[in-house]
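K.L.:
Structure, please.
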Amino acid sequence: MNEATKEQIDEFYAKTAAAFGVVAREEAGDLWIRILADRYTLEELAAALETYASDTTLDDRGYRRGARMPAPADLKDLIERKRRKRIAAAPQYCGGPNCTEGWVLVDGPTRRVAKCPDCAKLQREAKQLARRA
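P.N.:
Residues are numbered from 1 along each chain as shown. All right, here's what the predicted structure looks like:
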């Protein structure tokens, strides 16, 4: 993954401010850099901005939420939520040499099939992430 650099975030902020009709301020740009740089890709940021701009819910003052300039934390929350959903939706198998879709063959006095402990851990983590999404 190619996370966006500080310069790319600064440029993204300036374009976003222009699109929302806001004067770009250096302090706000620094905040965007601090929160978003080296963590998210430009594609993730663009997708989050599109999702944010399409939000039609009304805020406490009666304005459409997606019509105002997003804070970097708004974009961060959208990206994190999408990442958690993607992780939770993926098959949670460890891919170990003896693991077949979450099951392992256990040798012993009698051969039996048991749940793979590594897969069980991955599945528990995915459920926890899905609850937070």
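K.L.:
Quick one, grab the pLDDT at residue 5.
P.N.:
Residue 5 carries a pLDDT value of 91.
K.L.:
separation between it and residue 14?
P.N.:
Distance from residue 5 to residue 14, counting by Cβ to Cβ, to the nearest Å: 14 Å. Backbone N, C-alpha and C define where each C-beta goes, glycine included.
K.L.:
go on, residue 126?
P.N.:
Applying Cβ to Cβ to residue 126 and residue 14 gives a distance of 38 Å.
K.L.:
swap in residue 50?
P.N.:
18 Å.
K.L.:
again, but for residue 22
P.N.:
For residue 22 relative to residue 14 (Cβ to Cβ), the value is 10 Å.
K.L.:
Strands of this protein, residue ranges please.
P.N.:
Using DSSP state E, the strands of the chain run over 99-100, 103-106, 112-115.
K.L.:
Same list, those strands, but as JSON lines with distance to residue 71 and mean neighbour count please.
P.N.:
Shown next, in JSON lines, are the strands of the chain (distance: least, Cβ to Cβ, whole Å; neighbours: other Cβ atoms under 10 Å):
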{"stretch": "strand 99-100", "distance to residue 71": "43", "mean neighbour count": "14"}
{"stretch": "strand 103-106", "distance to residue 71": "46", "mean neighbour count": "14"}
{"stretch": "strand 112-115", "distance to residue 71": "44", "mean neighbour count": "10"}
